[in-house]
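>>> here are the coordinates; sequence isn't available:
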Ligand SMILES: Nc1ncnc2c1ncn2[C@@H]1O[C@H](COP(=O)(O)OP(=O)(O)OP(=O)(O)O)[C@@H](O)[C@H]1O
Ligand SMILES: [Mg+2]
């Protein structure tokens, strides 16, 4: 118990903390700083030439316009669908809520490129589903989804769950007295909804909108599948084309484009902040959640409508996808005679790249999940239990790579890793490690949030009891804290795994031969016209995703509410 | 060796002074109770002793080692204190045995010895049979005992207990109180026991420290605290004391003096240093009685009588000072009720020393 021992111990705590600070800085601040530097000083020399060239190129502004059109359109659609559904789920006495929430949130967990692929299988002239039903439009008709409207529709469906999730969390926190006071004052249910509930829901709604905006802006899979064939380019697809066409020589140019998209995303976040700052939305009382409104006679019709929505946004496209994956070649109707599993056999056993992709995606996602949890447990310890201004900044830094579009991080990573690393002398560019770096950076916050909410649920005296027993920080983390936050950490790991497993944006820009991910292979099948293989591979990813989501429900009881998005 | 010295310790949260220059000296092997109303800073004091927070000012010494001052801070894991939390804080993922063994494991105590000591500790609290259970399956009192065993197994020189009995029902409390008392006798560790239950503090403690709004008001044996409160707050807080103004004469060397309360001549106890003049007097219910024939007393209107089994608790407001209410126990039979006027005699009282209490 000497003074020097005490100092050493506190030194140990500090070492861990600073290790985490450096790690987060490397994952978050370094890439963004490098990106901005490239814009100002391309190739190391201060110059405004590239910025000028990019900004005076009309293609840039067409892409910006297209990005804004699809992003706004998609966001509006997502907000309409998401908020209506959230009101029903959180405020009324509808039945089978858990099953409904699971189905409704599923599109969020399915990769955007798979959603796009699935919808393409429903609407085109070669659609196996439509052919089977005899509804297919004549050959040579353009698939109506190859358009801005198509992109908007799918973005809306993909991200409606985001609005739903934030709004539902807000509605859950709404104290019942506020609603009851309105009812007692003689207001009808709809009046209460309009005059009390929705105004108070402004913060979560705005947060949901901002999230939706940033996600739509950064989405690559949907505009890649629906926009590139129609030559309708948005910023992420423009960056992709420039980079894959010209290679690293276009780096300075795409760095400027990435910065541009980052700036637009930041603008969205700033607008959100401003909107919320103007008024006081603080809810003062805390009590149990509101009792559900009784729908009475409207219950069954509402339920039918909601499930019809699930049918349209989930079942039909997946059916289309499955149908395509089962026909021998694209354009053949699916019948008992034509059905075949050959596509599955091909992608699972014959095609080397997709076999590799399975291994790569599994390995990358699992490794990212493990690393992120290992970082998140001590990081959340400091963030939740040792609050300070520096830690708030650290939290912000950890959020940044996920808040910004994936292309931004990917381009930044290329800039950092193109040249060999200073000390080690090896280059990560064109290896799987650059993808791994991006996954850890981008998805860190997905693992961190559940772990942090796990800490919030924990009684801190449990840790303090170990502390007075003489246990140092590391020992406490391993023997006391880790077992107690394990369920939340597992949920975080699964979220990271699922997101990384379905990811395309980053790997589309960073993959190299031998290092393909599943998203990349699905994308290249589809680009090469092999829709049946693409569909088979996509179905397999959906199955893995679904299986993991269902598996989490087994231990969902032990988790803080709201950690698993797909559980009510 | 396990003397605890707290020297003008202050702790602020934001601009709220949770501890305001608190000083006390706890002797080796002493059982000290800390008593005070909710929010007065008891838990905060305990947390500073354990080292969970850094103090703003002052000094804390355990034995001869300075563990906290404005600059130095020995972290809790190096203070070798034991603590029992109000919530028990048992680790739910470990068995009772592992909970108790944890501190020994951390200290590197190897196995035959470790198991022996854990078993001993569990035997001490009567829980040998529950070693393999998870804490979640135990009753409140059993959890309490596990927490105690866990805290004692490492033989800390100083044990801190934060309202350890607050979550238990009345019967269990009485049983556990006995256990604590026996326990302290057997182990002779220094114990600091936080409670807001006066009876508990009086029953267990060698000395009691009374706190209010972050300050230490008095530290004394239970009997001294009751008989000779240091100031008005303590007088009112402990044993529902009544504080009345009086004119007193100078005390003799025995500590007795004459006084006059609302015109009534009384004989009082006081500090031998007490000077003549205005003073405040602390009266206990047992110092008061209904005047017998031929006795003079203070006339008072009865406000309320409450039957309490064998006697009445009587509350009355003085005729000469209607805003002063006194209370006393009156044996049955007693046939007066609210509104009646009775004479109350004062048999004893304590002259509060003149202080600069704010
Ligand atoms: N971490 C903290 N931050 C801010 N204020 C605090 C903190 N801890 C305690 N306080 C405040 O300090 C005061 C004393 O708190 P403390 O917990 O010590 O009271 P207590 O005497 O233990 O009360 P109780 O009998 O209710 O447990 C309270 O007003 C409390 O709100
Ligand atoms: Mg307390």
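Cool, the structure landed. What you are looking at is a predicted structure, and each value in this text was computed from that prediction instead of being measured. Ligands and ions are numbered 1, 2, ... in the order given.

>>> list the contacts of residue B:330.
By CB atoms under 8 Å, 6 or more residues apart in numbering or on different chains, the residues touching residue B:330 are B:289, B:290, B:305, B:311, B:312, B:314. From N, CA and C alone the C-beta is placed, and that goes for glycine too.

>>> by neighbours, which of the residues you listed wins?
residue B:314 (24 neighbours; other CB atoms under 10 Å in any protein chain shown).

>>> just how off-centre is stretch A:531-547 within its chain?
Centre-to-centre, stretch A:531-547 and its host chain are 18 Å apart (CA atoms, centre = their mean, to the nearest Å).

>>> what about residue A:179, how many neighbours?
So residue A:179, with other CB under 10 Å, has 21 neighbours.

>>> on contacts alone, who are the packing partners of the helix or strand where it lies?
Per DSSP states H and E, residue A:179 falls inside helix A:176-184. Under the contact definition 3 or more CB pairs under 8 Å, 6 or more residues apart in numbering or on different chains; DSSP states H and E, helix A:176-184 sits against helix A:189-192.

>>> buried sites along the next helix or strand after the helix it packs on?
Remark: after helix A:189-192, the chain's next helix or strand is helix A:198-200, criterion DSSP H and E. In terms of neighbour count (16 or more other CB atoms under 10 Å in any protein chain shown), helix A:198-200 has its buried residues at residue A:200.

>>> same deal with stretch B:277-287?
For stretch B:277-287, the neighbour count (16+ other CB under 10 Å) marks B:279, B:280, B:281, B:282, B:283, B:284, B:285, B:287 as buried.

>>> pull the most distant pair out of the residues you listed.
The most widely separated members of the buried residues of stretch B:277-287, counting by CB to CB, are B:279 and B:285 (20.5 Å).

>>> poorly predicted segments of the chain, please.
All of this refers to chain A. Within chain A, the stretches with pLDDT under 70 are A:1-11, A:42-48, A:175-177, A:247-249, A:276-292, A:560-563, A:568.

>>> try chain B instead
B:1, B:355-358.

>>> tell me how far stretch B:307-317 lies from the chain's centre.
Worked out by CA atoms, centre = their mean, stretch B:307-317 lies 26 Å from the chain centre.

>>> whoops, stretch B:175-194 was the one
Distance, centroid of stretch B:175-194 to centroid of chain: 14 Å (CA atoms, centre = their mean).

>>> residues of it that come out buried?
B:176, B:177, B:179, B:180, B:183, B:184, B:189, B:190, B:191, B:192, B:193, B:194.

>>> any idea how far chain A is from the most far-flung residue of chain B relative to its centre?
Distance from the centre of chain B peaks at residue B:294, with 40.9 Å (CA atoms, centre = their mean). According to CB to the nearest CB, to the nearest Å, residue B:294 and chain A sit 62 Å apart.

>>> so that residue belongs to a helix, correct?
No: with DSSP: H, G, I helix; E, B strand; the rest coil as the criterion, residue B:294 is located in coil rather than a helix.

>>> phi, psi for it please.
Main-chain torsions, residue B:294, degrees, to the nearest 10: phi 90, psi -10.

>>> now swap in residue B:86 and tell me
Residue torsions, per degrees, to the nearest 10, at residue B:86 are phi -60, psi -40.

>>> enumerate every residue touching it.
Here residue B:86 is in contact with B:43, B:162, B:163, B:164, B:166, B:167 (CB under 8 Å, 6+ apart).

>>> surely the last one meets residue B:141?
No: shown here, residue B:167 and residue B:141 do not form a contact pair, counting by CB atoms under 8 Å, at 9.3 Å.

>>> one step back: of the contacts of residue B:86, buried ones?
Buried among the contacts of residue B:86 by 16+ other CB under 10 Å: B:43, B:162, B:163, B:164.

>>> tell me who's in contact with the residue in the stretch 151-300 of chain B that ligand 1 sits nearest to.
Nearest to ligand 1, among the residues of the stretch 151-300 of chain B, is residue B:196, at 5.2 Å (CB to the nearest ligand atom). Counting by CB under 8 Å, 6+ apart, residue B:196 touches B:35, B:36, B:37, B:38, B:42, B:163, B:166.

>>> residue B:302 reaches residue B:340, doesn't it?
Yes: with contact defined as CB under 8 Å, residue B:302 reaches residue B:340; the gap is 5.0 Å.

>>> ok, those two, which is more surrounded?
More crowded of residue B:302 and residue B:340, by other CB under 10 Å: residue B:302, with 19 against 12.

>>> mind checking how far that one is from residue A:557?
Distance, residue B:302 to residue A:557, by CB to CB, to the nearest Å: 60 Å.

>>> related to what we said a few turns ago, only the buried subset of the contacts of residue B:196, as a ChimeraX command please.
Buried members of those, identified by 16+ other CB under 10 Å, are gathered into one ChimeraX selection as follows:
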select /B:35,36,42,163
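
>>> what's around residue A:492, how many residues?
Residue crowding around residue A:492 was assessed by other CB under 10 Å; the count is 31.

>>> host element of it?
Using DSSP H and E, residue A:492 sits within helix A:482-501.

>>> immediately after that helix, which helix or strand?
Going down the chain from helix A:482-501, the next helix or strand is helix A:505-510, by DSSP H and E.

>>> so which bits of the helix holding residue A:492 are buried?
Neighbour counts over helix A:482-501 (16+ other CB under 10 Å) mark A:482, A:484-501 as buried.

>>> same deal with stretch A:448-456?
Applying 16+ other CB under 10 Å to stretch A:448-456 flags A:448, A:449, A:450, A:451, A:452, A:453, A:454, A:455 as buried.

>>> before we move on, back to that, now tabulate the buried residues of stretch B:175-194 in JSON lines and tack on distance to residue A:467 and secondary structure.
Output for the buried residues of stretch B:175-194, formatted as JSON lines (distance: CB to CB, whole Å; DSSP: H, G, I helix; E, B strand; the rest coil):
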{"residue": "B:176", "distance to residue A:467": "25", "secondary structure": "helix"}
{"residue": "B:177", "distance to residue A:467": "28", "secondary structure": "helix"}
{"residue": "B:179", "distance to residue A:467": "26", "secondary structure": "helix"}
{"residue": "B:180", "distance to residue A:467": "24", "secondary structure": "helix"}
{"residue": "B:183", "distance to residue A:467": "23", "secondary structure": "helix"}
{"residue": "B:184", "distance to residue A:467": "24", "secondary structure": "helix"}
{"residue": "B:189", "distance to residue A:467": "19", "secondary structure": "coil"}
{"residue": "B:190", "distance to residue A:467": "20", "secondary structure": "strand"}
{"residue": "B:191", "distance to residue A:467": "20", "secondary structure": "strand"}
{"residue": "B:192", "distance to residue A:467": "18", "secondary structure": "strand"}
{"residue": "B:193", "distance to residue A:467": "21", "secondary structure": "strand"}
{"residue": "B:194", "distance to residue A:467": "19", "secondary structure": "strand"}
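
>>> what parts of chain B come near ligand 1?
Within chain B, the positions lying close to ligand 1 (CB under 6 Å from any ligand atom) are B:13, B:18, B:36, B:38, B:39, B:40, B:41, B:42, B:43, B:44, B:196.
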